[in-house]
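Asks: Any chance you could fold what I've pasted below:
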Amino acid sequence: MSLPLSESRDCLWQVETNGINPISATARHGSAHDLFWVWFAGNLSFTYVVIGAVVWSYGLSLWQSLLVLAIGLSSFVVIGYLGLPGVDTGLPTMAFSARYFGKRGNRVMALVSWLNMVGWETIVLIISSFTVATMLHLIFGVGSTALWLVVSLGISGLLELSLAFMGHATIEYLQRWVSYIFGFLTLVILLALLPHVNWHAVWYHPSGPWLAGVIPSISVVVAVSALSWVTTAADYTRYLPKGTSHRRVVSATTWGAIIPTVLLMAVGLLLGQSAPTLASATNPVELLLHWLPTWAQVPYLLITMVGILAGGVLCAYSSGLSLLAAGIKMPRSRTIAVDGVISITASLYVLLISQGFIVNFEGFLSLVAALLAPWAAIALLNIRRSIKISGTPAMVSWAAGAILGLATTSTVVFTGPLAVGIFRQSSLGYFAGFAVTALIYRIWTLNQTTYPFPQ
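Replies: Purely as a prediction, here's the structure:
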């Protein structure tokens with residue numbers, strides 16, 4: 001649900017009134033360079049340090065680990081390409097998706113996207129709440145009681161949801177300043193962690209297995225980075241003026257996401273030798289806190305909070321657009337209330353009742369990712385075209401890939417019957433689902449009539 005184009009607006013510090021309607025030429029603004037800061041801040045999360053440690057836990061050498069990061073993070077180019085339909089049509093990602101999934105089929109896809117986004121919103125709020133509570137303890141000496149955890153959740157929820165409520169222009173503006181200020185501070189904190197690196201052990205670590213080490217770790221990097229963002233790309237490009245260089249859109253998005261991610265993951269894999277428990281730590285934020293000098297502890301916690309919330313804001317904004325694409329009739333700004341009730345309730349349960357629940361929750365999100373990978377395959381094949389038929393080819397191809405992906409995926413809540421061998425400890429099931437979907441869909445639509453975008 002949205003206002004007529006003549007009444008819509010996207011202004012700084014004003015609530016964005018556009019929903020999933022196409023953005024008119026007169027309402028377009030900005031440049032491709034703005035995307036760099038959106039994705040830089042959105043990926044400025046210290047949780048990537050843990051992923052770097054996970055890569056190291058596969059027993060790889062330094063050069064193998066760096067190769068894994070280079071290959072795995074290059075998948076962010078997919079986000080760049082998936083943003084191009086936004087420039088051409090003015091539509092957000094999950095609204096454009098209806099052009100090849102059909103109206104009914106796309107509602108299912110939009111619901112999957114919404115589940116993924118609201119799930120990550122919740123994870124962000126939980127981590128941010130623990131971080132704020134620790135910061136309050138260091139500064140004011142308060143304990144980690146239920147009251148202060150609730151206060152910490154309130155602070156985190158207010159920041160994340162209020163910015164998403166304001167909408168695109170405000171988010172884009174603040175992401176730039178988060179990148180400037182907290183990007184620099186993040187670099188300072190990372191340098192403060194480097195003295196803990198056992199350089200000799202890292203440098204002379206023997207090479208690990210390629211089939212059981214390098215390949216699975218690449219899949220893990222892709223799964224926790226680019227794959228989680230695939231349904232959001234055009235949400236941040238649809239305001240760009242028509243005719244904006246596609247090359248610059250792809251480049252700004254790709255490098256904006258890669259630069260902070262590769263730095264954080266690289267530090268994580270360097271620390272993995274000195275802190276073998278980092279990859280599986282229940283509270284990695286607190287583990288790293290004890291390694292820092294006193295002067296760096298509060299800045300580190302502040303950076304961790306702001307960095308992860310910057311990504312959470314993107315999740316909250318895009319989840320609202322996905323909810324509209326799923327057929328919910330309400331203004332975009334009100335979708336934030338729906339997300340807020342769900343994510344805050346789930347966060348309260350984890351913080352106050354069962355912290356172990358978060359492990360099962362992350363397992364659920366892993367299963368959702370198995371549904372996103374096949375969608376991404378079809379979306380990539382339709383960046384510059386749309387099929388003039390029903391959504392049957394897309395839905396059937398997606399279903400085939402999703403079934404295979406689930407069958408080859410292992411999580412704490414579900415293990416597929418084919419999740420054995422190399423598939424059991426990796427995210428390779430996502431790639432299997434992606435490949436099968438792309439093959440079926442490409443063959444099915446090979447001789448179908450298509451038309452290019454823009455129309």
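Asks: Near the closest residue to Leu240 other than its chain neighbours, how many other residues are there?
Replies: Excluding the flanking residues, the one nearest Leu240 by C-beta to C-beta, 6 or more residues apart in numbering is Val87, at 5.1 Å. All C-beta atoms are positioned from the backbone trio N, CA, C, and that covers glycine. Close neighbours of Val87, defined as other C-beta atoms under 10 Å, add up to 24.
Asks: Please name the residues that touch Val87.
Replies: Residues near Val87 by C-beta atoms under 8 Å, 6 or more residues apart in numbering: Ala234, Thr237, Arg238, Leu240, Lys242, Thr244, His246, Val249.
Asks: Assumed the fifth one was part of a strand.
Replies: No. Assigned with DSSP: H, G, I helix; E, B strand; the rest coil, Lys242 falls outside any strand and is coil.
Asks: Now for it: which residues touch it?
Replies: By C-beta under 8 Å, 6+ apart, the contact list for Lys242 reads Ala25, Arg28, Val87, Asp88, Gly90, Pro454.
Asks: where's the residue nearest to Leu240, which helix or strand?
Replies: Assigned by DSSP states H and E, Val87 belongs to helix 84-89.
Asks: Okay, helices next: where are they in the stretch 251-400 of the chain?
Replies: Using DSSP state H, counting those that start in this stretch, the helices found in the stretch 251-400 of the chain span residues 284-289, 294-325, 332-352, 357-380, 392-407.
Asks: Kindly apply the preceding question to the stretch 51-200 of the chain instead.
Replies: Counting by DSSP H, counting those that start in this stretch, the helices of the stretch 51-200 of the chain are 62-73, 76-82, 84-89, 93-96, 98-140, 146-166, 168-193, 199-203.
Asks: Find the one among the ones you listed with the highest mean neighbour count.
Replies: Most buried of the helices of the stretch 51-200 of the chain, by mean neighbour count (mean count of other C-beta atoms under 10 Å): helix 93-96, with a mean of 29.
Asks: Might you calculate how far that one sits from the centre of the chain?
Replies: Computed by C-alpha atoms, centre = their mean, to the nearest Å, the separation of helix 93-96 from the middle of its chain amounts to 17 Å.
Asks: again, but for stretch 86-98
Replies: With C-alpha atoms, centre = their mean, you get 18 Å for stretch 86-98.
Asks: Roughly how far does the closest residue to Pro293 other than its chain neighbours sit from Leu185?
Replies: Spatially, and ignoring its direct neighbours in sequence, Pro293 is nearest to Ala192 (6.5 Å; C-beta to C-beta, 6+ apart). Distance, Ala192 to Leu185, using C-beta to C-beta, to the nearest Å: 11 Å.
Asks: any residues in contact with both of the two?
Replies: Counting by C-beta under 8 Å, 6+ apart, no residue touches both Ala192 and Leu185.
Asks: quick revisit: closest to Phe36 out of the helices of the stretch 51-200 of the chain?
Replies: Smallest distance to Phe36 across these (C-beta to C-beta): 8.0 Å, for helix 168-193.
Asks: okay, the angle between that closest one and helix 332-352?
Replies: Following axes from the mean of the first three to the mean of the last three C-alpha atoms, to 10 degrees, one obtains 30 degrees for the angle between helix 168-193 and helix 332-352.
Asks: what mean pLDDT would you report for helix 168-193?
Replies: Helix 168-193 carries an average pLDDT of 96.
Asks: Repeat that for stretch 438-455.
Replies: Mean pLDDT, stretch 438-455: 76.
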